[in-house]
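> Here's a sequence, model it:
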Amino acid sequence: MKAKYAVGCLVVLCISTGWLIGYIYQLLILAYETNGILTDSEYSWFIRLLLNLTGYSAVLVPAFLMYKYLQMSNYFEKISNSSHVYRVLYSCFAEPSERLPETVKPKTEESEKRDTLEMLFCFSGLMGAYLVWGLLQEKIMTQSYVMEDGSVSRFSDSQFLVFINRLSALLVSLAWLLWTRQPLLTAPLYKFSYCSLTNVISAWCQYEALKYVSFPTQVLSKSCKVIPVMVMGKLISRNKYAPHEYVTALLISTGMLMFMFASHDQPVSPGTSVSGVCLLLLYMSCDSFTSSWQSALFRSYRARPLQVMCVVSACSCALTAPALLASHTPLPQHPMFVADCLLLSASSALGQVLIYRTIARFGAIVFTIVMTLRQAVSILISCAVYGHAVSLVGGAGVALVFAAVLYRVHCRRRSA
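Okay, here's the model as predicted:
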């Protein structure tokens, strides 16, 4: 009985803490938006990032307090009942007593054919969904919308795009799981919060980076993700990599640097260049952790792609909603902007389904290589549509990146 009262008091404390942090966040947002020096600074993105993290903490801090209490008090060992509060807390914070063992099915010629066909399906689906998503992303973040009265409106709230993309992914995955009557959770909810936080930050960084670097530079920077993905794989899952994987990762990074430093398709100041590089580095680090952590969830808990997609998207919506509600940034009241956002969220949802499927079936490294190949077409289309210039050295860098990727695929096929 004492444990029930203690949990009840802690729930009230957590709600109060979340409300207090949310109130402080609103005051900070208001102070930032009314300070012209901060909003006009070349490094205003860093202040906005800190503000976003403050908004996320309105959810994370209360959840952490509850988790630490339940862990220190051995709540689930002392209490055993079927009350709604107990079931919610168990779903969120209780570790399963037994994990499902990892099973490795022997490879047969038929299974290899199925894997090849599925890989082609995932690749073609990701290609189509993210080509549309990439073009719309660049349009929304870099182009102006002309209103009926002749005024020009420019969109700048990256947090809004993160939220609608995660919301669409949540609705699609939740509808499918309910339709097929599959369980929503196969692991405690807090396990998904880690990759959810890094997923939100990485998504925000890639949208924000378009204010400082060109779209081809942003796209090609994702090719460098191979290195941080390998690092995260060693740290999280203790993965081992062959020598050719290290060599190709180095070649990919070299080609990326050649492209970034040889591209002068838009005039930028030193501060803007630094901001763009910092955002891209933060994006790659967070996104690499996200895919590696999701890959570990698939192996450890035998979770299905749509289950992970649903729970991670729900956590991401919970993190971004308070920050979005407190923002006072107006959205362009233009029919084309609404249509672009709807199509962006739809293509993002389809891409998310295929992302989780690819990571579950083939791992984080293969997924990264698939996305790198997809980026070649994105760069060519973006250059054709928006007129980005690529120098001779930059073109050589692009060629080096994709030659390294193809060599990596060749070595992987030989060792299979």
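> Can you give the domain ranges for the protein?
1-94, 113-144+154-415 (automatic domain parsing).
> Least confident of those domains, on average?
For the domains of the chain, mean pLDDT drops lowest on domain 113-144+154-415, to a mean of 76.
> Could you pull up phi and psi at V152?
Note on V152: backbone dihedrals following degrees, to the nearest 10 are phi -110, psi 130.
> ok, the nearest residue to it once chain neighbours are set aside to A209 distance?
Ranked by CB to CB, 6 or more residues apart in numbering and with sequence neighbours excluded, the top spatial neighbour of V152 is S144, at 4.7 Å. Quick note: C-beta positions are derived from backbone N, CA and C, even for glycine. The gap separating S144 from A209 is 19 Å, by CB to CB, to the nearest Å.
> Of those two, which one has the most company?
Taking other CB atoms under 10 Å, S144 and A209 do not tie; A209 has more neighbours (26 against 12).
> how much space between the more buried one and E138?
For A209, the distance to E138 - CB to CB - is 11 Å.
> try V61
Distance of V61 to E138, given as CB to CB: 35 Å.
> Who has more neighbours out of those two?
Between V61 and E138, counted using other CB under 10 Å, the more crowded position is E138 (21 against 15).
> Helix or strand: which one has that one?
Element membership for E138 (DSSP states H and E) is helix 109-142.
> Give me the sheet partners of the next helix-or-strand element following that helix and which way each runs.
Remark: after helix 109-142, the chain's next helix or strand is strand 144-146, criterion DSSP H and E. Here strand 144-146 is paired, per DSSP bridges, with strand 152-154 (antiparallel).
> The partner strand: what's the following helix or strand?
Heading C-terminal from strand 152-154, the first helix or strand you meet, by DSSP H and E, is helix 158-180.
> which other residues reach that following helix?
Helix 158-180 is touched from outside by 52, 137, 140-141, 183-184, 200, 203-204, 207-208, 306-307, 309-310, 313-314, 316-317, 320-321, 323-324, 327, 329, 331, 341, 344-346, 348-350, 352-353, with contacts defined as CB atoms under 8 Å, 6 or more residues apart in numbering.
> buried sites along stretch 55-67?
For stretch 55-67, a neighbour-count test (16 or more other CB atoms under 10 Å) marks G55, Y56, S57, A58, V59, L60, P62, A63, M66, Y67 as buried.
> now do stretch 75-95
For stretch 75-95, by 16+ other CB under 10 Å, it's Y75, F76, I79, Y86, L89, Y90, C92, F93, A94.
> Show residues contacting that stretch.
Counting by CB under 8 Å, 6+ apart, 3-4, 7-8, 11, 63, 66-67, 69-71, 185, 188-190 sit against stretch 75-95.
> I'd like the list of the residues you listed that fall within helices, please.
3-4, 7-8, 11, 63, 66-67, 69-71, 189-190 (DSSP state H).
> Can you tell me the closest non-neighbouring residue to the residue nearest to the spatial centre of the chain?
Centroid check for the chain by CA atoms, centre = their mean gives N199 as the closest residue, at 3.0 Å. For N199, ignoring the flanking residues on the chain, the nearest one in space by CB to CB, 6+ apart is T290 at 4.6 Å.
> Would you confirm that the one you found contacts S193?
No - if you go by CB atoms under 8 Å, T290 and S193 don't touch, sitting 11.8 Å apart.
> Between these two, point out the one with more neighbours.
A direct count of neighbours by other CB under 10 Å for T290 and S193 places T290 higher, at 26 against 22.
> The more buried one sits in which helix or strand?
Taking DSSP H and E as the criterion, T290 maps to helix 270-301.
> One more: S345?
helix 335-386.
> Likewise for S16?
Assigned by DSSP H and E, S16 belongs to helix 2-33.
> after that helix comes which helix or strand?
Reading on from helix 2-33 to the C-terminus, the next helix or strand found by DSSP H and E is helix 36-39.
> Check which helices and strands that following helix is in contact with.
helix 2-33 (3 or more CB pairs under 8 Å, 6 or more residues apart in numbering; DSSP states H and E).
> Show me what counts as buried in the helix holding E138.
Buried, per 16+ other CB under 10 Å, within helix 109-142: 122-123, 125-127, 129-141.
> quick one on the thing from earlier: what packs against the helix holding T290?
Helix 270-301 sits against helix 44-72, helix 189-209, helix 215-221, helix 226-237, helix 305-326, helix 335-386, with contacts defined as 3+ CB pairs under 8 Å, 6+ apart.
> orientation of that helix relative to helix 189-209 in degrees?
150 degrees (axes from the mean of the first three to the mean of the last three CA atoms, to 10 degrees).
> Pull the distance from helix 270-301 to the chain's centre.
Mean-position distance between helix 270-301 and its chain equals 8 Å (CA atoms, centre = their mean, to the nearest Å).
> so who does G363 touch?
Contacts for G363 (CB under 8 Å, 6+ apart) come out as S295.
> And it, how far from V59?
30 Å.
> go on, L167?
16 Å.
> With T186 instead?
T186 is 22 Å from V59, by CB to CB.
> And A187, by the same measure?
Taken as CB to CB, the span from A187 to V59 is 19 Å.
> Likewise for Q26?
15 Å.
> before we move on, what about A303?
A303 is 22 Å from V59, by CB to CB.
> what do you get for L49?
Counting by CB to CB, the gap from L49 to V59 is 17 Å.
> How about Y212?
Where V59 is concerned, Y212 sits at a distance of 28 Å (CB to CB).
> Also V274?
Applying CB to CB to V274 and V59 gives a distance of 31 Å.
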